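Colleague: Pasted the sequence and its predicted model underneath.
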Amino acid sequence: MKRDLTTRPARGAARGLTAFLTVAALIGLTACSSGGSNDDDGADLQDSSAMSSFAADTTFKASEPVKFSMLWTDWPDNPIKDSWQVFDEIKKRTNVSLDLTHVPFSDAKEKTSLLVSSGDAPEIIPLTYTGDEVQYAATQSVLPMSDYVKYMPNFQKYVKEWDLGKMIDNLRQADGKYYMVPGLQEVSVPTFTLVIRKDVFDEVGAPNPQTWDELRDALVKIKAKYPDSKPLADGFEGQSMLNYAAHAFGTVAGWGYGNGTFFDKASNKFIYAGASDGYKQMLEYFHGLAADGLLDTESFTQANDGAGTVTEKFAANKVFAASGSNGTVNDFSTALDATSAKGKYKVVEIAPPGGPAGNVVEPRNFWNGFMLTAKAKNDPHLKSMLQFLDWLYYSPESRDLLRWGVEGQTYTKSGDTYKLNPEYKLKSFNINMDTGKTDIATDLGYSNNVLSDSTESRALKESYNAPAYVDYIDSVLSTRKPRDPFPPAPLNASELEQASLMATPLKDTVDTNTLKFILGQRPLSEWDDYVDELKAQNMDGYVDLINKAAERYAKDHG
């Protein structure tokens, strides 16, 4: 269920959440809008089962039964059952059956890598986040999808309609091609942000903080009222909070650290984020919170799956603001319901606070999509596969099916309003828990993690989320500006290996010292010494490698 991916990153980050949150440098979907200069338009694929007149917003149906192989990640709390209706419904509508190869959630990324590298992987690799494909593109283990999107009319349509045309050039590799197609989101807001006890903020006379400085003022007031508290917490070893805070300080950090570089508009060059003035300013801020007892430092040092220590502290009036997602709101609320605060509290997500760089949040992001392994090129039904996947991932019909099931059977729809029929429930979003007997996710396979979350209209996204989350979406869209994406700087195969050898020790140094500076274990007066340590690890050479790649890409592809 979705909350495993968005609420419990200690488990979910290993498979893709980190990749999602580090997608901050995406731009330019020119592949669909104007065609990349290196995209191969080639001869039309010949396929007896394909539709000759397949178009956007139509149902794909192969002219004969076909079977495609697909990798499937098994969620431990939502295993596939024989009763799952979703695959039967897909086959009924499209004449396509899926031959699934299963990998466990716990080490799906590693298992996928082994299968793809050995040539034993299925043709279709779903749950692919931007960045996952880079290693396979370098070895040509997956197909260049930019050569094939001409067979995907839904993908092209919604890229244009949702104004996503400036979000793909950073998917292109050094050869100018891109090797995966992402899930498309009509609206995009940060998945993780600050979750607060609104009733307590109101109690001490603190408005919803619009900036990190305003948050500090509120925390001081809360600390005065609740002296035994350390009112601000993360719960994800600092990685979540630093990720969404960094944009407001003009840098990247935490889950969003990516390759460690940040594009500096003033110099028109990439710089190393962990040695930047913005990064230092961010550390000074959080060190000040820790020094004054306003930050729960334990939540920056102890691993937590989102349902443990911080949740307990939230319920015990020890923490009043913490990192989380819409699912975290439910977790905190459930914990508070077991206390004397039941019926008296209000827990809400707020837009990530602004800072010295402005009211800035992460750039608009894609979500998980898919890539095709090289063996798919020899499938006689490749054109049908592309049309089927275009329908499955991007058509409104399939998006509704994958989320809600069969209209008229499991749900009804009027305009943009979806309503689950009373005899069905969706436990992962607390829908119809009082009347539903059959869970459309665990019993029927809809709202599954592998396919359902990929592409969503705004109406579909809002349909299964609580009204408070809809308010959160509105607040971000109306008061925050996505940071401009970075220019593309794709590395070739030899540069990727070289960069990896340099990037890892640099990031280790940054991670170690970030925590030390915040906790006061290393004084910020030693900042210059820390930067010298990064330089001794060839920081300048690493940044030079990235800048040369950016210059080369601009020269070759514009």
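Modeller: Alright, I've got the coordinates.
Colleague: in the stretch 251-400 of the chain, which spans are strands?
Modeller: For the stretch 251-400 of the chain, applying DSSP state E, counting those that start in this stretch gives strands covering 261-264, 269-272, 321-324, 347-350, 360-361, 367-372.
Colleague: List of residues touching the shortest one?
Modeller: What it means is strand 360-361. Strand 360-361 is contacted from outside by 189-190, 244, 247-248, 250, 351-352, 354, 476, 480-483, using CB atoms under 8 Å, 6 or more residues apart in numbering. No exception for glycine: its C-beta is placed from N, CA and C like everyone else's.
Colleague: hmm, back to that, mind putting the strands of the stretch 251-400 of the chain into JSON lines with mean pLDDT and mean neighbour count?
Modeller: Output for the strands of the stretch 251-400 of the chain, formatted as JSON lines (pLDDT from 0 to 100; neighbours: other CB atoms under 10 Å):
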{"stretch": "strand 261-264", "mean pLDDT": "97", "mean neighbour count": "22"}
{"stretch": "strand 269-272", "mean pLDDT": "98", "mean neighbour count": "20"}
{"stretch": "strand 321-324", "mean pLDDT": "96", "mean neighbour count": "27"}
{"stretch": "strand 347-350", "mean pLDDT": "96", "mean neighbour count": "22"}
{"stretch": "strand 360-361", "mean pLDDT": "96", "mean neighbour count": "22"}
{"stretch": "strand 367-372", "mean pLDDT": "96", "mean neighbour count": "24"}
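Colleague: follow-up on the earlier one: can you flag which of the contacts of strand 360-361 belong to strands?
Modeller: Those of those mapping onto strands are 481-482, per DSSP state E.
Colleague: who wins for proximity to residue 219 among the strands of the stretch 251-400 of the chain?
Modeller: Among the strands of the stretch 251-400 of the chain, strand 321-324 comes nearest to residue 219, with 7.2 Å by CB to CB.
Colleague: going on from the helix or strand containing residue 202, what's the next piece of helix or strand?
Modeller: Applying DSSP states H and E as the criterion places residue 202 in helix 198-203. Proceeding N to C from helix 198-203, the next assigned helix or strand is helix 212-225, under DSSP H and E.
Colleague: could you dump the strands of the stretch 251-400 of the chain to a markdown table with distance to residue 105?
Modeller: As requested, these are arranged in a markdown table below (distance: least, CB to CB, whole Å):
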| stretch | distance to residue 105 |
| --- | --- |
| strand 261-264 | 31 |
| strand 269-272 | 34 |
| strand 321-324 | 21 |
| strand 347-350 | 26 |
| strand 360-361 | 29 |
| strand 367-372 | 14 |
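Colleague: Can you check which of those strands gets nearest to residue 399?
Modeller: Ranked by CB to CB, the member of the strands of the stretch 251-400 of the chain that lies closest to residue 399 is strand 367-372, at 12.1 Å.
Colleague: Give me the distance between stretch 176-187 and the centre of its chain.
Modeller: Relative to its parent chain, stretch 176-187 has a centroid offset of 13 Å by CA atoms, centre = their mean, to the nearest Å.
Colleague: start to end distance for it?
Modeller: The straight-line separation of the ends of stretch 176-187 (CA to CA, to the nearest Å) is 27 Å.
Colleague: in this protein, which helix has the most residues?
Modeller: helix 493-519 (DSSP state H).
Colleague: lowest-confidence helix or strand of the protein?
Modeller: Across the helices and strands of the chain, mean confidence by mean pLDDT, DSSP states H and E is lowest for helix 3-6: a mean of 30.
Colleague: Point out where the stretch 1-150 of the chain drops to low pLDDT.
Modeller: 1-43 (pLDDT under 70).
Colleague: just the strands in it please.
Modeller: Going by DSSP E, counting those that start in this stretch, the stretch 1-150 of the chain shows strands at 66-74, 96-104, 124-128.
Colleague: could you dump these to CSV with mean neighbour count?
Modeller: Shown next, in CSV, are the strands of the stretch 1-150 of the chain (neighbours: other CB atoms under 10 Å):
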stretch, mean neighbour count
strand 66-74, 19
strand 96-104, 16
strand 124-128, 24
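Colleague: Dump these into CSV; add distance to residue 284 as well.
Modeller: Listed next are the strands of the stretch 1-150 of the chain as CSV, based on distance: least, CB to CB, whole Å:
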stretch, distance to residue 284
strand 66-74, 41
strand 96-104, 42
strand 124-128, 38
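Colleague: Figure out which of those is closest to residue 183.
Modeller: strand 124-128 (9.2 Å).
Colleague: Which residues in the longest helix of the chain does the neighbour count mark as buried?
Modeller: For helix 493-519, the neighbour count (16 or more other CB atoms under 10 Å) marks 495-496, 499, 502-503, 506, 509-511, 513-519 as buried.
Colleague: out of those residues, which one sits closest to residue 60?
Modeller: Nearest to residue 60 out of the buried residues of helix 493-519 is residue 496 (CB to CB; 36.0 Å).
Colleague: mind listing what the nearest residue to that closest one once chain neighbours are set aside touches?
Modeller: With CB to CB, 6 or more residues apart in numbering as the criterion, residue 496 has its nearest non-adjacent residue at 5.8 Å, and that residue is residue 138. Contacts for residue 138 (CB under 8 Å, 6+ apart) come out as 173, 492-493, 496.
Colleague: Columns distance to residue 319 on top of these, output as a markdown table?
Modeller: As requested, the contacts of residue 138 are exported to a markdown table (distance: CB to CB, whole Å):
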| residue | distance to residue 319 |
| --- | --- |
| 173 | 43 |
| 492 | 47 |
| 493 | 47 |
| 496 | 41 |
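Colleague: Show me what the helix holding residue 202 is packed up against.
Modeller: helix 212-225 (3 or more CB pairs under 8 Å, 6 or more residues apart in numbering; DSSP states H and E).
Colleague: Tell me how many other residues crowd the nearest residue to residue 298 once chain neighbours are set aside.
Modeller: Sequence neighbours aside, residue 309 is the residue nearest to residue 298 in space, at 7.1 Å (criterion: CB to CB, 6+ apart). Neighbour count for residue 309, taken as other CB atoms under 10 Å: 19.
Colleague: measure residue 309 to residue 545 for me?
Modeller: 40 Å (CB to CB, to the nearest Å).
Colleague: and what of residue 222?
Modeller: Distance, residue 222 to residue 545, using CB to CB: 46 Å.
Colleague: more neighbours, those two?
Modeller: Using other CB under 10 Å, the more surrounded residue of residue 222 and residue 545 is residue 222, with 26 against 20.
Colleague: surely the more buried one meets residue 201?
Modeller: Yes - Residue 222 is within contact range of residue 201, at 7.5 Å (criterion: CB atoms under 8 Å).
Colleague: Quick check: neighbours shared by these two?
Modeller: Listed contacts common to residue 222 and residue 201 are residue 320; contacts here mean CB under 8 Å, 6+ apart.
Colleague: Turn the contacts of residue 138 into a markdown table, columns for pLDDT and distance to residue 111.
Modeller: Compiled in a markdown table, those are given as follows (pLDDT from 0 to 100; distance: CB to CB, whole Å):
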| residue | pLDDT | distance to residue 111 |
| --- | --- | --- |
| 173 | 86 | 24 |
| 492 | 86 | 27 |
| 493 | 82 | 23 |
| 496 | 86 | 22 |
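Colleague: between those residues, which is nearest residue 439?
Modeller: Distances from residue 439 to the contacts of residue 138, taken as CB to CB, are shortest for residue 173 (41.2 Å).
Colleague: give me every residue that touches that closest one.
Modeller: Counted by CB under 8 Å, 6+ apart, residue 173 has contacts 134, 137-138, 179, 490.
Colleague: quick one: it and residue 51, what's the gap?
Modeller: The spacing between residue 173 and residue 51, counted by CB to CB, is 31 Å.
Colleague: what does residue 472 give?
Modeller: Following CB to CB, the distance that separates residue 472 from residue 51 is 40 Å.
Colleague: do residue 246 as well
Modeller: As for residue 246, its distance to residue 51 is 46 Å (criterion: CB to CB).
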